[in-house]
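**Q** next come a sequence and a model predicted from it.
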Amino acid sequence: MTYLLDTHTFLWFLESPSLLPLRTRELIENSALELAVSLVTPWEIAIKSATGKLDAEAILDDFDAIVERARLTLLVPTVAQVIRSGRLPAHHRDPFDRLLAAQAMEPGWTLLSKDAVFDAYGVRRLWA
């Protein structure tokens, strides 16, 4: 099974793993599992850093190496996923989360996220 990390899950794993539920942290640390982070994650982090909502410049400056060390696959959205995210019902207006939902839906991946709004899209989500 493949797990897709939400942006906050990725950040908490790097900076504050104690904020993650035990099961979620164990999954991320399990080297036998396939884990992915979306291309939307550095984009979201960069925008939030630029607006002062987040202090994550060090993560952005070393993003590729961090992803590699954490043995994450960088998931690049397809055109179909981008279009699907734009066509999703308006349960959530955040374009980052909508794209994460679309990326998780197509292959049926499990999204590691605390955000219950993904449930309205039928995304398989785990936060335990």
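**A** Yep, it's here. Numbers count the residues shown, from 1 in each chain.
**Q** what sits closest to Thr24 if chain neighbours are left out?
**A** Closest residue in space to Thr24, ignoring its immediate chain neighbours: Leu112 at 5.5 Å, by CB to CB, 6 or more residues apart in numbering. In short, each C-beta sits where N, CA and C put it, glycine included.
**Q** pretty sure the one you found contacts Arg25?
**A** No. Between Leu112 and Arg25 there is no contact under CB atoms under 8 Å: 9.7 Å.
**Q** any idea which residue sits dead centre in the protein?
**A** Asp6 (2.3 Å; CA atoms, centre = their mean).
**Q** from Glu34, how far off is that one?
**A** 16 Å (CB to CB, to the nearest Å).
**Q** and Thr78, by the same measure?
**A** From Thr78 across to Glu34, the span is 18 Å (CB to CB).
**Q** and Ile28, by the same measure?
**A** From Ile28 across to Glu34, the span is 12 Å (CB to CB).
**Q** common neighbours of these two, please.
**A** Counting by CB atoms under 8 Å, 6 or more residues apart in numbering, the common neighbours of Ile28 and Glu34 are Tyr3.
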